[in-house]
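[1] next comes the sequence, and after it the predicted model I'd like to discuss.
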Amino acid sequence: MPNSPADEQRINAIRFLAVDAVQKANSGHPGMPMGAAAMAYTLWTRHLRFNPKDPHWLNRDRFVLSAGHGSMLLYALLYLTGYDLTIDDIKNFRQLGSKTPGHPEAERTPGVEATTGPLGQGIGNAVGMAIAEAHLGAVYNRDDAAIVDHFTYCICGDGDLMEGISQEALSLAGHLKLGKLIVMYDDNRVSLAGPTDVTLTDDPVARFDASGWHTQYVDVDHGNDVATIDQAITVAQNVTDRPSFIAVRTHIGYGSPRQDNYLAHGEALGPENVKKSKEELGWPLEPDFYVPDDVLAFYRETGAKGGELEKQWQATFDSWKRANTELGAQLERALRRELPPNLPWPQFTAENGSVATRDAGGTVMNAIATSLPELVGGSADLDPSTKTYLKNCGDFEPGNYAGRNIHYGVREHAMAACTNGIALHGGLLPFAATFFNFLDYLKPALRLGCLSGVHSIYVFTHDSVFLGEDGPTHEPIEQLATLRATPNCYVIRPADSLETLEAWKLAVAATEAPYVLVLTRQKVPFLGARNAAVAKGAYVLADADGGPPDLILIATGSEVSLAVDAKKILDGKSVRTRVVSMPCWELFDAQPQAYRDEVLPPAIGARMSIEAGATLGWAKYVGDRGFAFGIDKFGASAPYAAIAKAYGFTPENIADVALQKFALVAR
């Protein structure tokens, strides 16, 4: 049956806020909001549980616009339903400093759940949010009180489904049987460059069906039919044993002269086409950004209902908390991102500390896991190698969503996007692990985590060419430089077990930004009981004897012990040598200038960095008179010792290079 006139008017309000905003900016994507408006309207006004006055209400439904280029669809809904977004914000779409950037940003705009735009990411975020909901519900809900019990909805487009991350994410979600996850597909069959059939002819419904999802298809005659879409969402909500996929056949640029044309995708319609679109759909030509009073009143009333929903939930929560005092305190602490007092950190000594830093990391994780129940995560099928399995904490699987070890399988990209979604959901501290070289597979999602400022922890092991026999396909060279160039990312490469412990203390205590721990496969020596000032980014590990240094050796990770051994050789040649361990550039750069000058005195130009990776960036620390010793070519397949010798990472060679580069002579 056709939509009521009231529904049509409310849907058109979404469409033309989007059209006018894109036209005013002369930049953006009007076609997707015009075509998907009926789908989004039905979801937001008939199903979505949200409270604009409290965008962070724990039990709200999550909505992720994976097709982030259609951001004005979301901004229109946020404004109309009463979030802290004004009509002036809509008018300032894509302008400097506005709350309405070109693609949704979670930290910038109230009501935006995830930073999306790079296609496919939002699907992965939504899977992560559904994982978080399932886990928290299993841990905290009781038969008489559902504290965490909400849906996660996602609207995606053809670009999302073409990106490979979508297959990783939907495969994982299907395996996990995440019944509270509903993905809606804006099937408009048009991409930015032309009709999708120039490159995409597979059957998305069959693809999701084959991956264990419940699927529905809304045909072209009903793509704008509120009643049909409403029924499809209701059916999906009642399927609890698997996630749901609803493909809705829509028309990009609906009602405009560019309907079903790729020109509606990525550019403003133009003044004449805006006029014709409004005439076609019976919308007033003036003023721009027009919303009828009764339409705005309807949306604001819809948003206001969320206050009552939250009030009812709060009463349930308060009753649950009285009956479950310890659990309530635990949940509230985790939501505040506060650590429990007196975490049982392990101790490392000369007796137990000479281990691979990956082993030290596993020891730390398992020591604190019981006392830090919000710590959840997993690896890309590599936990026996990354040492990140939480013992006695169970596996997150259908039938045991309380388990804390997530088996992501060989799906690094989805793993990182899910990690973002878990962190954005709230109440959990997620970690993800894989070999460092496979950063390449997940970097786009990690970058968005940095942009969003989400608190997550990445554990990358097998951190250099010294992993050995697997060879250059698995040996990271440029990865450290890549991450260090990424804003809002804290990269820590600890030298031994004690620095690994300190790195973990920092990582769990943080409240924003991803922390990346880069760990060795091979054993490294314990460098002694000391104040390992990882929190300062760098510190003097071993100082020169008998006066100011002639030479400063700066190293990270496994190369710190190499620098210590080279110092012994240089000491024997009466070259006063200081060894600086620099596990984290970002933390060191944040220190006062006085401290940085204390560690690296400006007057001492003889500085040599030692790191088994690309030398890019080290000039900042060695200065214009210094030298960066590293590896600016790919690795090799050979035993660790053979690689070290071939690439010059021996104490003798380091000492010789230093003597030659700086023309140092015995006193």
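    Thanks, I have it. Numbers count the residues shown, from 1 in each chain.
[2] quick one: low-confidence parts of the protein?
    The model of the chain has pLDDT under 70 over residues 664-667.
[3] ok, which stretches of the stretch 501-650 of the chain are strands?
    515-518, 539-542, 551-555, 577-581, 607-610, 627-629 (DSSP state E, counting those that start in this stretch).
[4] how about these in CSV, adding distance to residue 110?
    Every C-beta, even on glycine, is put in place using the N, C-alpha and C of the backbone. Below are these laid out as CSV (distance: least, CB to CB, whole Å):
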stretch, distance to residue 110
strand 515-518, 26
strand 539-542, 41
strand 551-555, 44
strand 577-581, 43
strand 607-610, 44
strand 627-629, 45
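[5] need those in CSV with distance to residue 480 and mean neighbour count, can you?
    Converted to CSV, these look like this (distance: least, CB to CB, whole Å; neighbours: other CB atoms under 10 Å):
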stretch, distance to residue 480, mean neighbour count
strand 515-518, 7, 27
strand 539-542, 19, 20
strand 551-555, 13, 27
strand 577-581, 15, 27
strand 607-610, 12, 24
strand 627-629, 12, 22
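[6] to residue 528, which of the ones you listed lies closest?
    Closest to residue 528 of the strands of the stretch 501-650 of the chain is strand 539-542 (CB to CB; 8.5 Å).
[7] what's the closest non-adjacent residue to residue 531?
    residue 539 (7.6 Å; CB to CB, 6 or more residues apart in numbering).
[8] wait, the one you found sits on residue 560?
    No - with contact defined as CB atoms under 8 Å, residue 539 and residue 560 do not form a contacting pair (10.9 Å).
[9] identify the contacts common to those two.
    The contact sets of residue 539 and residue 560 overlap at residue 581 (CB atoms under 8 Å, 6 or more residues apart in numbering).
[10] returning to what we had before: contact partners for the residue nearest to residue 531?
    531, 532, 533, 580, 581, 599.
[11] next one: residue 601
    548, 549.
[12] chain center to stretch 154-168: distance?
    Offset of stretch 154-168 from its chain centre (CA atoms, centre = their mean, to the nearest Å): 16 Å.
[13] mind listing what's buried in it?
    154-163, 165-168 (16 or more other CB atoms under 10 Å).
[14] for burial, what's the neighbour tally of the nearest residue to residue 30 once chain neighbours are set aside?
    Nearest residue to residue 30 in three dimensions, chain neighbours excluded: residue 22, at 4.4 Å (CB to CB, 6+ apart). Using other CB atoms under 10 Å, the number of residues around residue 22 comes to 25.
[15] check which residues of the host helix or strand of residue 22 are buried.
    Secondary structure assignment for residue 22, by DSSP states H and E: helix 5-25. Within helix 5-25, the residues that count as buried by 16+ other CB under 10 Å are 7-25.
[16] who's in contact with residue 421?
    Contacts of residue 421 (CB under 8 Å, 6+ apart): 64, 114, 124, 125, 126, 127, 128, 129, 130, 131, 132.
[17] so how far is residue 567 from the residue nearest to residue 531?
    15 Å (CB to CB, to the nearest Å).
[18] re the thing from before, and the next helix or strand after the helix holding residue 22, what does it pack against?
    Per DSSP H and E, the first helix or strand lying C-terminal to helix 5-25 is helix 31-46. If you count contacts as 3 or more CB pairs under 8 Å, 6 or more residues apart in numbering; DSSP states H and E, helix 31-46 packs onto helix 5-25, helix 71-81, strand 152-156, strand 181-187, helix 226-237, helix 293-323.
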